[in-house]
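K.L.:
got a predicted structure here, sequence first:
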Amino acid sequence: MGADDNAAGKVVLITGGAKGIGAGVARRLAGQGAKVVLADIEEERGTALAAELGGVFVRCDVRDPAASVAAVKVATDEFGGLDIAFLNAGISTGCGLEDDFDPEIYRRAMAINLDGVVYGVHAALPALRARGGGDIIATASMAGLTAVGFDPIYGANKAAVVGLVRGLAQAQAGSGIRVNALCPSFADTDILGPLRDALDFPILPVETVIDGFMEILAGGGTGEAWYVVPGRTPEPFKFRGVPGPR
């Protein structure tokens, strides 16, 4: 199979699905015959997009584990099951670790960017297992693969997502459930916010990130972190092995 023939008939749950990368992936998959469930806090945009795509919208604050369980239930109730969970909801951090540190802002970023993935995985696993397998793809970032001096907290929560994906893939070996991470560099979405004008780095079109998502879906791997950066073909990052005992 190629990157453009893996979605027909599949049921897909997308957190952060009302806009940006989530909305773009929803459009691509729905165009290939997938049934999409858009989970987001932005009800107006999410409801309109779901209607456009013949899907369903569910309000979901990923900081609440019960909300992820409810979103998975919507997928199974409306479409009979779940095949793909795209755990994509995320925000920029908004604080540093010196005078600008704010524990509430820090906890909000960690709750959405990391806890939201953990809760989404926990909710999705039983439904995927009931289908005999499926895919979990979590949006991490290149910030999860390299040092990010201007926002160490963001780098920390995205690195944690990468670590979660790699470990979970091993835990699910033999289950038919593949677990991978999508790691784009700076993409043209709202999350850039005030960084947009200050960046000395090419900004990725959202379509390029969607292409990377589709390559993950088409691939046979698990436990991989696929980088998407300007001018390069998306592919899994090659992690070096750690030293073992002597």
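P.N.:
It's in.

K.L.:
from here on, just use CA atoms for contacts and neighbour counts.
P.N.:
OK.

K.L.:
report the next helix or strand after whichever strand in the chain runs longest in sequence order.
P.N.:
In the chain, with assignment by DSSP state E, the single longest strand is strand 177-184. Downstream of strand 177-184, the next assigned helix or strand under DSSP states H and E is helix 206-218.

K.L.:
for that next one, C-alpha coordinates in CSV please.
P.N.:
The C-alpha trace of helix 206-218 is given here as CSV (Å, rounded to 0.1, in the frame of the first residue of the first chain):
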residue,chain,number,x,y,z
VAL,A,206,0.6,22.2,7.0
GLU,A,207,0.2,20.0,3.9
THR,A,208,3.8,18.8,4.3
VAL,A,209,3.1,17.7,7.9
ILE,A,210,0.0,15.9,6.7
ASP,A,211,2.1,14.1,4.1
GLY,A,212,4.4,13.0,6.9
PHE,A,213,1.4,11.6,8.9
MET,A,214,0.3,9.7,5.9
GLU,A,215,3.8,8.1,5.5
ILE,A,216,3.6,6.9,9.1
LEU,A,217,0.2,5.4,8.4
ALA,A,218,1.5,3.7,5.3
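
K.L.:
now the strands for the protein?
P.N.:
11-15, 35-40, 56-59, 84-87, 134-139, 177-184, 225-228, 235-236.

K.L.:
residue 76: which of these is closest?
P.N.:
Relative to residue 76, the nearest member of these by C-alpha to C-alpha is strand 11-15, separated by 8.6 Å.

K.L.:
and the angle from that closest one to strand 35-40?
P.N.:
Here strand 11-15 runs at an angle of 10 degrees relative to strand 35-40 (axes from the mean of the first three to the mean of the last three C-alpha atoms, to 10 degrees).

K.L.:
just use 19 as the starting number from now, easier for me
P.N.:
I'll keep to 19 as the first residue from here, and by that count the last item is strand 29-33.

K.L.:
helices or strands up against strand 29-33?
P.N.:
helix 38-49, strand 53-58, helix 83-97, strand 102-105 (3 or more C-alpha pairs under 8 Å, 6 or more residues apart in numbering; DSSP states H and E).

K.L.:
what mean pLDDT would you report for the third one?
P.N.:
Read it as helix 83-97. In this model, helix 83-97 carries a mean pLDDT of 98.

K.L.:
just give me how far that helix sits from the chain centre.
P.N.:
17 Å (C-alpha atoms, centre = their mean, to the nearest Å).

K.L.:
which other helices and strands does it contact?
P.N.:
Taking 3+ C-alpha pairs under 8 Å, 6+ apart as the contact cut, helix 83-97 packs with strand 29-33, strand 53-58, strand 74-77, helix 134-148.

K.L.:
residue 202 pairs with what?
P.N.:
Taking DSSP bridges as the rule, residue 202 bridges to residue 246.

K.L.:
isn't it right up against residue 245?
P.N.:
Yes. Between residue 202 and residue 245 there is a contact under C-alpha atoms under 8 Å: 5.6 Å.

K.L.:
just put the strands of the chain in TSV and tack on mean neighbour count, distance to residue 172 and mean pLDDT.
P.N.:
Conversion of those to TSV gives the following (neighbours: other C-alpha atoms under 10 Å; distance: least, C-alpha to C-alpha, whole Å; pLDDT from 0 to 100):
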stretch	mean neighbour count	distance to residue 172	mean pLDDT
strand 29-33	29	19	98
strand 53-58	29	21	98
strand 74-77	23	25	98
strand 102-105	27	17	98
strand 152-157	26	13	98
strand 195-202	28	13	98
strand 243-246	28	17	97
strand 253-254	18	21	96
